[in-house]
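> Quick one: sequence plus predicted model below, questions after.
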Amino acid sequence: MQVKALTFAVALVAATAIPAAAAWAEDFIIVQSTTSTQNSGLYDHLLPQFQEASGIEVRVVAVGTGQAIKNARNCDGDVLLVHAKPAEEKFVTEGYGVSRADVMYNDFVIVGPADDPAGIGGGADVAEALAKIKQSEAVFASRGDDSGTHKKELALWNAADVDPSSASGTWYRETGSGMGATLNVAIGMGAYTMTDRATWIAFGNKQNHRIVVEGDTRLFNQYGVILVNPERCENVKAEMGQRFIDWILSDEGQSAIADYTRDGQQLFFPNARMS
Amino acid sequence: MQDFGAAFAEAFALIVGLDAELVAIIGLSLRVTFSAVIIACLLGLPLGALLAVGRFPGRGVVIVVISALMGLPPVVVGLAVYLMLSSAGPLGVLQLLYTPTAMIIAQAVLVTPIVAALTRQVVEDLHGEYDELLRSMGSSRLGTIATLLWDARYSLLTAALAGLGRALAEVGAVMIVGGNIAHVTRVMTTAIALETSKGELALALGLGIILVCLSILINAGLLGLRRTAERLAYA
């Protein structure tokens, strides 16, 4: 009886280990990417089209841009698709990536509660709006997680000549989580927050929050794609990774990005050509 | 809270619709969790029994450490396993990161101390009762351990169930080492986390309800099995 149980256990473990071993023998690449692209549903739209065209399966690990870059530095991915241009360029300069190309863009927006305690609704100057939030000490939820959105937000505070870190824990609240989680927090607290437009449009728990500031050129949000350097990371599937990059930058890939809509609104705007 | 009503509706619709994707996610959850618990039992049962029966210097310290490890934060385990399995890490050549195997390893690390600590307590109590009898029979240490584990098997099921509950519920470790990749490493808990971050709160809670139902079914099944076995044994 004991022996039988043991045999059963061993057989079960073996049975589970074999499919796992088979899984990495197939043609697939790992893309380190951001929560905004995943939460908006873009990959569910794009990747089946690429797989159809190429036979290559793309496995997306969606984390903040900071963590995605860190993971790629550890060679735990073949392609990096994120949105923090200075950090991406540094990644390439330091030899971790082969080269960087623009893929698409959208923009960030400031969302806030309907009663708009800082009185910034309808504004188009993001620095002025942030300064008003500080003046009125209205609650602002920051990502606080070194993501692309967080880096952008810090740059905008800088442009508004405000140092929010000194107010951390009072009106400035750093959630240390992803975009969606931060939106849930902001909505729960009646706080303002900055989000990329794609995540906002696709977000299912908006309640009474709405866009209060948009249209400032400084809110531009550029996505770039980089092949992880196979000279530094010998496990990188350079050929398949490059095929994915070539496809996403091609007319076919670019129009697939443009085709993706939610509630009739286009979420990402391809701009590989312009770079 | 209208979300609660909506969540039950979502859960019901998901169960009735039973689409292939949900079945695959549930299947992977069960596969990862059961594999991890089986490995944890293979390691934790003998380890716990050894600690209960054996007398060696430092035993007290080991017992305290293993008890403390029951409270290991899943995120920390996930991070440690990530650093081991990362291509830049010592076991990088195995290329196990972002596979179900990596998730099984992380959960086995989480569950083993739970099984070992609970086994130690159960076996030690039993050992107190059996000590003289086993000694008079001239039982070897290994024989003693085997006898005690076998006689405590019904109580030890509880240790395994505690480990199973932990593994089925945790999200921090599998999120980091699995990467929550659709169709590859997405399990119930990471799917719930993803839907929450998409703001699909009712759907997320609906998945949570299904997970709880699943846990109830597993526990009912195993405890029922134990009852039947017990009845047959003492009949």
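Good, I have the coordinates.

> now stretch A:259-275: how far from the chain's centre is it?
In terms of Cα atoms, centre = their mean, to the nearest Å, the centre of stretch A:259-275 is found 15 Å from the chain centre.

> what sits against the residue in the stretch 101-250 of chain A positioned nearest to chain B?
At 2.9 Å from chain B, A:G180 is the closest residue in the stretch 101-250 of chain A, using Cβ to the nearest Cβ. For every residue, glycine as well, the C-beta is placed using N, CA and C. A:G180 is in contact with A:35, A:39, A:199, A:203, B:196-199, counting by Cβ atoms under 8 Å, 6 or more residues apart in numbering or on different chains.

> and the residues you listed, which of them are in helices?
Counting by DSSP state H, the part of those found in helices is A:35, A:39, A:199, B:196-197.

> As CSV, those with pLDDT and neighbour count would be great.
Below are those laid out as CSV (pLDDT from 0 to 100; neighbours: other Cβ atoms under 10 Å in any protein chain shown):
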residue, pLDDT, neighbour count
A:T35, 87, 29
A:N39, 87, 26
A:T199, 93, 29
B:T196, 91, 21
B:S197, 90, 24
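
> Rebuild these as a markdown table, extending it with distance to B:R135.
Shown next, in a markdown table, are those (distance: Cβ to Cβ, whole Å):
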| residue | distance to B:R135 |
| --- | --- |
| A:T35 | 62 |
| A:N39 | 64 |
| A:T199 | 68 |
| B:T196 | 57 |
| B:S197 | 59 |
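
> right, and the pair among the residues you listed with maximum separation?
The span of the ones in helices among the contacts of A:G180, defined through Cβ to Cβ, is set by A:T199 and B:T196 at 13.4 Å.

> hang on, the earlier thing: with adjacent residues omitted, what lies nearest to the residue of the stretch 101-250 of chain A closest to chain B?
Excluding the flanking residues, the one nearest A:G180 by Cβ to Cβ, 6 or more residues apart in numbering or on different chains is B:S197, at 2.9 Å.

> correct me, but that neighbour touches A:T35?
Yes. Counting by Cβ atoms under 8 Å, A:T35 is a contact partner of B:S197 at 6.7 Å.

> Need the residues touching each of those two.
Common neighbours of B:S197 and A:T35 (criterion: Cβ under 8 Å, 6+ apart): A:178-180.

> Could you pull up the residues touching A:R73?
Counting by Cβ under 8 Å, 6+ apart, A:R73 makes contact with A:91, A:96, B:88.

> Any residue of the strand or helix carrying B:A49 touching chain A?
Element membership for B:A49, per DSSP states H and E: helix B:20-53. Yes. Helix B:20-53 is in contact with chain A by Cβ under 8 Å from any Cβ of the partner chain, via B:31-32, B:34-35, B:38-39, B:41-42.

> before we move on, what about stretch B:179-194?
Yes. Stretch B:179-194 is in contact with chain A by Cβ under 8 Å from any Cβ, via B:179-182, B:184, B:194.

> which pair in the residues you listed spans the largest distance?
The span of the residues of stretch B:179-194 next to chain A, defined through Cβ to Cβ, is set by B:V184 and B:L194 at 13.7 Å.

> Show the residue spans covered by the helices in the stretch 1-150 of chain A.
A:2-23, A:35-39, A:42-54, A:65-73, A:85-93, A:126-136, A:148-159 (DSSP state H, counting those that start in this stretch).

> give the contact list for the residue in chain B positioned nearest to chain A.
Nearest to chain A, among the residues of chain B, is B:S197, at 2.9 Å (Cβ to the nearest Cβ). Taking Cβ under 8 Å, 6+ apart as the criterion, B:S197 is in contact with A:35, A:39, A:177-181, A:184.

> and what of A:G144?
When contacts are counted by Cβ under 8 Å, 6+ apart, A:G144 touches A:150, A:174-176.

> one step back: narrow the contacts of B:S197 to those in helices?
The helices, defined by DSSP H, take in A:35, A:39, A:179-181, A:184 from the contacts of B:S197.

> Report the separation between the residue of chain B closest to chain A and B:A40.
Separation of B:S197 from B:A40 (Cβ to Cβ, to the nearest Å) stands at 30 Å.

> Check what pLDDT residue 221 gets.
The chain I'm using is chain A. Among the per-residue scores, A:N221 holds a pLDDT of 95.

> you looked at the wrong chain, it should be chain B
Listed pLDDT for B:G221 reads 93.

> Around chain A, which positions in chain B sit nearby?
For chain B, the contact set with chain A under Cβ under 8 Å from any Cβ comprises B:31-32, B:34-35, B:38-39, B:41-42, B:86-89, B:92, B:95, B:97-101, B:104, B:146, B:150, B:179-182, B:184, B:194, B:196-201, B:203.

> are any of those residues buried, and which?
B:31-32, B:34-35, B:38-39, B:41-42, B:86-87, B:89, B:92, B:97-101, B:104, B:179-182, B:184, B:194, B:196-201, B:203 (16 or more other Cβ atoms under 10 Å in any protein chain shown).
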